[in-house]
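**Q** Sequence below, structure please.
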Amino acid sequence: MKIVKVTYTTKAEYAGQNQSNIKTVMADLRAINNSGINYNVCLSPDGKTFIHSAFFNTDEDEKVLMVLPSFKSFQEQLKASGPEVPPKQELLTLVGSSKDIFNS
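**A** You can find the predicted model right below:
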């Protein structure tokens with residue numbers, strides 16, 4: 001399992017578009033229904049800081065997200081928007097969970 005956390009802050013005027021782009025990615029992920037991907041995005045109270053948490057069961061599952069056209073578009077648009085704080089990626093280790101993340 002691989003867990004990735006990405007945090008960044010958009011410009012206030014781009015936050016709404018970023019949310020829309022994220023919702024498109026999530027709709028596409030639900031449509032493909034890959035059980036090896038558990039991806040969540042939260043918004044901080046400032047309304048412009050986003051925290052992405054992605055749990056991948058395998059490296060192949062991670063590749064599914066990375067090649068998804070809507071995800072590529074989301075990344076390109078975010079970069080072009082000139083975020084106030086650029087994305088910072090962290091790799092995490094799961095200590096425990098209240099639910100089974102992947103039914104292996």
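**Q** so where is this protein shaky, pLDDT-wise?
**A** In the predicted model, the chain carries pLDDT under 70 at residues 103-104.
**Q** repeat that for 50
**A** Applying pLDDT under 50 to the chain flags the ranges 104.
**Q** Spell out the residue ranges of the strands in it.
**A** Using DSSP state E, the strands of the chain run over residues 2-9, 37-43, 49-56, 85-92.
**Q** give the contact list for the nearest residue to F55 once chain neighbours are set aside.
**A** If the residues on either side of it in the chain are set aside, F55 comes closest to N38, at 4.0 Å by Cβ to Cβ, 6 or more residues apart in numbering. (Each C-beta comes from the backbone N, C-alpha and C, glycine too.) Listed by Cβ atoms under 8 Å, 6 or more residues apart in numbering, the contact partners of N38 are 54-55, 101-102.
**Q** Kindly report the same for T93.
**A** T93 makes contact with I3 under the criterion Cβ under 8 Å, 6+ apart.
**Q** coming back round to it: of the contacts of N38, grab the buried ones for PyMOL.
**A** Command for PyMOL, covering only those of those found buried under the criterion 16 or more other Cβ atoms under 10 Å:
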select buried, resi 54+55
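**Q** And the contacts of N38, which is closest to T24?
**A** Within these, proximity to T24 (Cβ to Cβ) peaks at A54, which comes in at 16.1 Å.
**Q** For this structure, which segments count as helices?
**A** 15-32, 59-66, 69-81 (DSSP state H).
**Q** mind checking which of those is nearest F50?
**A** helix 15-32 (6.6 Å).
**Q** Between helix 59-66 and the closest one, find me the angle.
**A** Inter-element angle recorded for helix 15-32 and helix 59-66: 130 degrees (by axes from the mean of the first three to the mean of the last three Cα atoms, to 10 degrees).
**Q** elements contacting helix 15-32?
**A** strand 37-43, helix 69-81 (3 or more Cβ pairs under 8 Å, 6 or more residues apart in numbering; DSSP states H and E).
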